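Peer 1: Compute the structure for the input listed below.
(one chain, ligands or ions: 1)
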Amino acid sequence: QPPLDVNLIRADFPILQEHVNGRRLIWLDNAATTQKPQQVIDRVSYFYEHENSNIHRAAHELAARATDAYEGAREKVRSFLNAASVNEIVFVRGATEAINLVAKSWGEQFLQSGDEIILSHLEHHANIVPWQQLANKKGLLIKVIPVDDDGQILMDEYTKLLGPKTKLVSFAQVSNALGTVTPAQRMVELAHQAGAKVLVDGAQAVSHIRTDVQLLNCDWYAFSGHKIFAPTGIGVLYGKEALLNETQPWQGGGSMIKDVTFEHTQYQAAPGRFEAGTGNIADAVGLGAAIDYVNHIGIDAIYQYEHYLLGYATQLMKDVPGLRLIGTAPDKTSVLSFVFKDFTTEQVGAALNQEGIAVRSGHHCAQPILRRFGVESTVRPSLAFYNSCDDVDTLVNALLRLRRSRI
Ligand code: PMP
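Peer 2: So this is what the prediction gives:
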């Protein structure tokens, strides 16, 4: 039985009242971005109505309000991730910027020709391209952990790839294309035994499963606010405090300095050293409100409900003739990637849109893993806790009708 009241929750999300092509909107594109509850929308408006100022540098009341709101949001993120200190929470634009920050600061500073980086076959392009750019520049070698036919990491192969030259392992906690949950804690442990640092891409994980960076023991953790019911343009890089402080910043400018002469600059300690210029203050505050919202429902209740809904959807979709699910790992969250016999993925996406159902069809910025399964594109419904069994039924009925149209 569902452990949360989905009707009550849906009332918090005004966009779910929208109609598309004359039908009630069914938002099943949560892996691309999530919708925002009224509480987040109101919090961002409140900031602009009552608190708006630049932070940290003025002596006036609104600067104090804005600074309190921004730093308060940092504390909410710290607590949500169970990081040891707020100094470990860097606000960035999103997961993409978080990963680029590590590649272009730590990677530039500490990696040398001949060093090896291990990625998994599941990665989003955001966790491939920055490393490739660095590898081309520095002469690094990128190795890839293969997956089995269900889309699970092959742990024996991973162990074989690790060695004295491995300096970094970077992988997704949840695959955006298949929904696979990777055994992140064990993977971090093995990487550390080999002396490597570890970045975990949590973009598809934070809104679905409890995250504890101290338990995970990763060196960095990246996520985007917009995938956890917060605005776009705000995200987080968590990094262990000592590691952040021994890393030279990648961008220079205001706010990140202690002292500047024309000859020399002294940097702030983390997180300030990685937050050059005026950041996205209002949306950081919005992220804090989104975390409050998630905490109010409870991430464990969310996990249980989504697990139930994913099982329900998987069962029904398996019975749709001509539907091939891609990504069948036992440990999955949220994502149901598939191809549909006799239809292109674009055709399926367009037909569902006609019925008010929003899904993504395409390569999901993860071309290598789709090619591993012999396809260039899939249809990808992806769930959040405001989706209901009714949403799933509507999706499946639309697919069954589409199938009948070809018989
Ligand atoms: N990693 C994963 C696993 C993702 O799913 C995404 C977003 N699709 C990203 C990274 C990049 O996130 P953003 O575009 O918000 O920076």
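
Peer 1: Name the next helix or strand following the helix or strand where residue 39 lies along the chain.
Peer 2: Per DSSP states H and E, residue 39 falls inside helix 38-46. Toward the C-terminus, helix 38-46 is succeeded by helix 61-81 as the next helix or strand (DSSP H and E).

Peer 1: Pull out the buried positions in that next one.
Peer 2: For helix 61-81, the neighbour count (16 or more other CB atoms under 10 Å) marks 63, 65-67, 69-71, 73-74, 76-78, 80-81 as buried. For the C-beta atoms, the positions are set from N, CA and C on the backbone; glycine is no exception.

Peer 1: Averaged pLDDT, that helix. What do you get?
Peer 2: Averaged over helix 61-81, pLDDT sits at 97.

Peer 1: Identify the spatial nearest neighbour of whichever residue of the stretch 251-400 of the chain sits closest to the ligand, chain neighbours not counted.
Peer 2: In the stretch 251-400 of the chain, the residue that lies nearest the ligand is residue 365 (5.7 Å; CB to the nearest ligand atom). Nearest residue to residue 365 in three dimensions, chain neighbours excluded: residue 125, at 4.5 Å (CB to CB, 6 or more residues apart in numbering).

Peer 1: Okay, the one you found and the ligand: tell me how far apart.
Peer 2: Distance of residue 125 to the ligand, computed by CB to the nearest ligand atom, to the nearest Å: 8 Å.

Peer 1: pLDDT averaged over the helix holding residue 39, what's the number?
Peer 2: For helix 38-46, mean pLDDT rounds to 98.

Peer 1: So which elements touch it?
Peer 2: Packing partners of helix 38-46 (3 or more CB pairs under 8 Å, 6 or more residues apart in numbering; DSSP states H and E): helix 281-297.

Peer 1: Can you name every helix or strand that the helix it packs on contacts?
Peer 2: Secondary-structure packing of helix 281-297 (3+ CB pairs under 8 Å, 6+ apart): helix 38-46, helix 61-81.

Peer 1: Reformat those as a markdown table; add distance to residue 377.
Peer 2: What follows is the helices and strands packed on helix 281-297, written out as a markdown table (distance: least, CB to CB, whole Å):
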| stretch | distance to residue 377 |
| --- | --- |
| helix 38-46 | 32 |
| helix 61-81 | 33 |
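
Peer 1: Tell me which of these lies nearest to residue 194.
Peer 2: Nearest of those to residue 194, taken as CB to CB: helix 61-81 at 24.7 Å.

Peer 1: strand partners of the helix or strand just after the closest one, parallel vs antiparallel please.
Peer 2: Downstream of helix 61-81, the next assigned helix or strand under DSSP H and E is strand 89-92. Here strand 89-92 has these sheet partners by DSSP bridges: strand 235-239 (antiparallel).

Peer 1: in stretch 347-362, what's buried?
Peer 2: Buried residues in stretch 347-362, counted by 16+ other CB under 10 Å: 348-349, 351-352, 355-362.

Peer 1: rewinding a little: which stretch among the helices and strands packed on helix 281-297 comes nearest residue 283?
Peer 2: Residue 283 lies closest to helix 38-46 among these, at 6.8 Å (CB to CB).

Peer 1: and that closest one with helix 281-297, angle?
Peer 2: Helix 38-46 and helix 281-297 are oriented at 150 degrees to each other (axes from the mean of the first three to the mean of the last three CA atoms, to 10 degrees).

Peer 1: which residues touch helix 38-46?
Peer 2: Applying CB atoms under 8 Å, 6 or more residues apart in numbering, the set of residues contacting helix 38-46 from outside is 12-14, 229-231, 282-283, 285-286, 288-290, 292-293.

Peer 1: Same question for stretch 181-191.
Peer 2: If you take CB under 8 Å, 6+ apart as the criterion, stretch 181-191 is touched by 118, 120, 122, 153, 155, 158-159, 162, 166, 169, 171-175, 197-198, 200, 205, 209, 215-218, 329, 331-333.

Peer 1: got the CA coordinates for that stretch in PDB?
Peer 2: The C-alpha trace of stretch 181-191 is given here as PDB (Å, rounded to 0.1, in the frame of the first residue of the first chain):
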ATOM      1  CA  VAL A 181      21.100   2.100  -8.700                       C
ATOM      2  CA  THR A 182      24.800   1.400  -8.500                       C
ATOM      3  CA  PRO A 183      26.500  -0.200  -5.400                       C
ATOM      4  CA  ALA A 184      28.000   3.200  -4.700                       C
ATOM      5  CA  GLN A 185      29.200   2.600  -1.200                       C
ATOM      6  CA  ARG A 186      31.100  -0.500  -2.100                       C
ATOM      7  CA  MET A 187      32.500   1.100  -5.300                       C
ATOM      8  CA  VAL A 188      33.800   4.000  -3.200                       C
ATOM      9  CA  GLU A 189      35.500   1.600  -0.700                       C
ATOM     10  CA  LEU A 190      37.200  -0.300  -3.500                       C
ATOM     11  CA  ALA A 191      38.400   2.900  -5.200                       C
END
